[in-house]
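1. Quick one, structure for this:
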Amino acid sequence: MHIDRLHTYQSNPEYRRTRTVESLGMVYQCHYPTRSMLTARGAKRSPFHDRLVERNAFFRDVSGWEGADWYLPPGEPPYVETLSWQRQRWFPYWEAEHRAAREGVILMDMSFMSKFLVQGRDAGRLLDHISANSVNGAANQITYTQWLNVGGTLEADLTVTKLDDERFWVVASDTVHRHVETWMKRHFADGHAFVTDVTSGYAQLNIQGPRSRELMQSLTTADLSNDAFPFRCAREIDIGYARVLCIRITYLGELGYELYIPTEQAMHVYERLVAAGAPVGMRHAGLKALASLRMEKAYRDYGHDIDNTDSVLEVGLGFAVDLKKPDFLGKAAVVAKKAAGPLTKRLVQILVTDPAPLLFHAEPVHRDGKALGYVRAASYGHTLGGAVGLAMIETAEPITQAYLDAGRWEVDIADQRYPVLASLKPLYDPDNKRIKM
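-> Below you'll find the predicted structure:
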């Protein structure tokens, strides 16, 4: 077991007494997709937690944090009535949150994300060495990158924002919190670069959707026009009495912003957003919407559909690798993999053409009647009109779009096969026009 997968609070006796018993009891139970762990709850709560309770959020465990999964209308108790593989009573509310992100604007609490401030005169050079992409370019810019090991497989999938020549902002998912921290400290060695975990010091709100600029511009004196604040821009802006790190980026496939707010000013900013959001129809959205929105865009999620056994090329992330850099950790393996010829193992997006069935994970995927892989992660594509997932496919032939188009693809759901579309490009907005509008 990798010790860095654990959080320090998980060594507390009370946590071990409660959670380990439940975890052991789950070994031979049916792992329903909507079941969240019930013990050791309430260990971590964002500054917005009580307000989200008032909004009728259903919470699930997110690495110890209470994460809002979906919201119900006032008067409906937020709980899962029956564990099931079928549609739940909250399915239409999830759909409404999803469509609000595609058509209007949403607010999403993402405070559980792992956040690190990396400082020092060697910070840029060392971060660039462990990053497959170039992260030490212009200031005030965010870069999506992977961290690889010497074998060229994934260690992390994250963003690095250059604030200035000696300050960088690293954000990763909750599941790799301690691994990312340890990876930096081990590879920085004696360099002049210092890692500070600021996760608890900054709340995070994501404002996403085609009306997000309209909402944000009403709250700040900063110019958020496309020319002044383009995609990937990162700057500190004013909202009310607060100074907020605003980054124009998305994990949902729409125009959007991530706001990193000092914890002591988090509620002030939230209240301003809610008040200004009412006239533009802003809706609170939970993690179920995050999953369905990102899955339509085929955005990867480390620990779910990609992991440390995968080549960065096989999972379709070659666009985030800068092979023109003189060197980076894992470069030799990536170059060798690319030189070996066309890929015969690739992560592919699939869409069930029948709108009725649901996908979860591990469903076998067939081409012309032969099983070639399985679904690693999935959700329901409310915009695309069917269940959508990411499947790892392996065959003896080069996997190209022409190869995908030439076959008859099906997925096995509960012992019944359904036709699917298979694509190497995102089925939603493949040209990224909406995120750069």
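2. E22 contacts R41, correct?
-> No. Counting by C-beta atoms under 8 Å, E22 does not reach R41; the two are 10.5 Å apart. C-betas here are computed from N, CA, C, even on glycine.
3. out of the two, which sits in the busier spot?
-> Counted by other C-beta atoms under 10 Å, E22 and R41 do not tie: R41 has more neighbours, with 16 against 12.
4. check contacts around the more buried one.
-> Shown in contact with R41 (C-beta atoms under 8 Å, 6 or more residues apart in numbering): 61, 66.
5. okay, the spatially most central residue of the chain: pLDDT?
-> When C-alpha atoms, centre = their mean is applied to the chain, the residue found nearest the centroid is D301 (5.3 Å). pLDDT for D301: 97.
6. Count the residues that sit near E81.
-> E81: 9 neighbours (other C-beta under 10 Å).
7. how close does it get to M37?
-> Look at E81 and M37: by C-beta to C-beta, to the nearest Å, they are 18 Å apart.
8. cool, and L83?
-> L83 is 13 Å from M37, by C-beta to C-beta.
9. try G67
-> Distance from G67 to M37, by C-beta to C-beta: 12 Å.
10. Please apply the same query to I249.
-> Taking C-beta to C-beta, one finds I249 at 30 Å from M37.
11. Those two: who's more crowded?
-> Each of I249 and M37 has its neighbours counted (other C-beta under 10 Å); I249 has more, 21 against 14.
12. tally of neighbours for Y260?
-> 24.
13. Please name the residues that touch the closest residue to it other than its chain neighbours.
-> Leaving aside its chain neighbours, Y260 sits nearest to L245 (4.1 Å; criterion: C-beta to C-beta, 6 or more residues apart in numbering). Contact partners of L245, counting by C-beta under 8 Å, 6+ apart, are 169, 202, 234-236, 259-261.
14. before we move on, what about E254?
-> E254 touches 101-102, 208-210, 212, 293, 434-435, counting by C-beta under 8 Å, 6+ apart.
15. State the pLDDT value of H2.
-> Value listed for H2 in the pLDDT field: 69.
16. swap in the one 5 residues further on?
-> Reading off the per-residue confidence, H7 sits at a pLDDT of 86.
17. In contact with it, which residues?
-> 63-64, 177-178.
18. repeat that for 10 Å
-> For H7, the contact set (C-beta atoms under 10 Å, 6 or more residues apart in numbering) comprises 15, 43-44, 63-64, 174, 177-178.
19. Quick one: buried ones out of these?
-> 15, 43-44, 63-64, 174, 177-178 (16 or more other C-beta atoms under 10 Å).
20. Looking at these, which is nearest V118?
-> Taking C-beta to C-beta as the measure, H177 is the one of the buried ones among the contacts of H7 closest to V118, at 14.8 Å.
21. And the closest one, how far from A387?
-> H177 is 30 Å from A387, by C-beta to C-beta.
22. what's around M437, how many residues?
-> Neighbours of M437 using other C-beta under 10 Å come to 11.
23. Return the distance of the one helix or strand in the chain whose mean pLDDT sits lowest from the chain's centre.
-> Ranked by mean pLDDT, DSSP states H and E, the weakest helix or strand in the chain is helix 13-25, scoring a mean of 92. Averaged C-alpha coordinates place helix 13-25 at 28 Å from its chain's average position (C-alpha atoms, centre = their mean, to the nearest Å).
24. Quickly find the element holding H179.
-> Using DSSP states H and E, H179 sits in helix 177-188.
25. pLDDT score for Y79?
-> On the pLDDT scale, Y79 gets 87.
26. My guess is it contacts R60. True?
-> No. The criterion here is C-beta atoms under 10 Å, and Y79 misses it with R60 at 11.3 Å.
27. neighbour count winner among the two?
-> The neighbour count for Y79 versus R60, taken as other C-beta under 10 Å, is higher for R60 (20 against 9).
28. Look up how far L424 lies from the residue lying closest to the more buried one once chain neighbours are set aside.
-> What sits nearest to R60 in space, not counting adjacent residues and going by C-beta to C-beta, 6+ apart, is S36, at 3.7 Å. From S36 across to L424, the span is 33 Å (C-beta to C-beta).
29. Kindly report the same for E258.
-> In terms of C-beta to C-beta, E258 sits 27 Å off from L424.
30. Now do the domain split for the protein, please.
-> Using automatic domain parsing, the domain parsing of the chain gives 3-89, 201-281.
31. what's the closest of these to R417?
-> domain 3-89 (16.7 Å).
32. Quick one: end-to-end length of that closest one, please.
-> The first residue of domain 3-89 is 39 Å away from its last residue (C-alpha to C-alpha, to the nearest Å).
33. same question, stretch 317-336
-> This stretch, stretch 317-336, spans 16 Å end to end (C-alpha to C-alpha).
34. Show me what it is in contact with.
-> 128-137, 143-155, 157, 183, 187, 300, 306, 310-313, 337-338, 343, 347.
35. before we move on, back to that, ok, E258 and L424, which is more surrounded?
-> More crowded of E258 and L424, by other C-beta under 10 Å: E258, with 25 against 16.
36. Skip ahead from the helix or strand hosting the more buried one and say which helix or strand is next.
-> Using DSSP H and E, E258 sits in strand 256-262. Using DSSP H and E, the helix or strand that follows strand 256-262 in sequence is helix 266-277.
37. any idea of the angle that next one forms with strand 256-262?
-> Inter-element angle recorded for helix 266-277 and strand 256-262: 150 degrees (by axes from the mean of the first three to the mean of the last three C-alpha atoms, to 10 degrees).
38. Using PDB, write out every CA atom in helix 266-277.
-> Presented in PDB, the C-alpha positions along helix 266-277 are these (Å, rounded to 0.1, in the frame of the first residue of the first chain):
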ATOM      1  CA  ALA A 266     -15.100  33.000   1.700                       C
ATOM      2  CA  MET A 267     -18.600  33.700   3.100                       C
ATOM      3  CA  HIS A 268     -18.500  37.300   2.000                       C
ATOM      4  CA  VAL A 269     -17.700  36.300  -1.600                       C
ATOM      5  CA  TYR A 270     -20.300  33.600  -1.500                       C
ATOM      6  CA  GLU A 271     -23.000  36.000  -0.400                       C
ATOM      7  CA  ARG A 272     -22.100  38.500  -3.100                       C
ATOM      8  CA  LEU A 273     -22.200  35.700  -5.700                       C
ATOM      9  CA  VAL A 274     -25.600  34.500  -4.600                       C
ATOM     10  CA  ALA A 275     -27.100  38.000  -4.600                       C
ATOM     11  CA  ALA A 276     -25.700  38.900  -8.000                       C
ATOM     12  CA  GLY A 277     -26.500  35.400  -9.300                       C
END
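39. Off-centre distance for that helix?
-> Distance, centroid of helix 266-277 to centroid of chain: 24 Å (C-alpha atoms, centre = their mean).
40. With stretch 312-329 instead?
-> 19 Å.
41. Thank you kindly, that will do.
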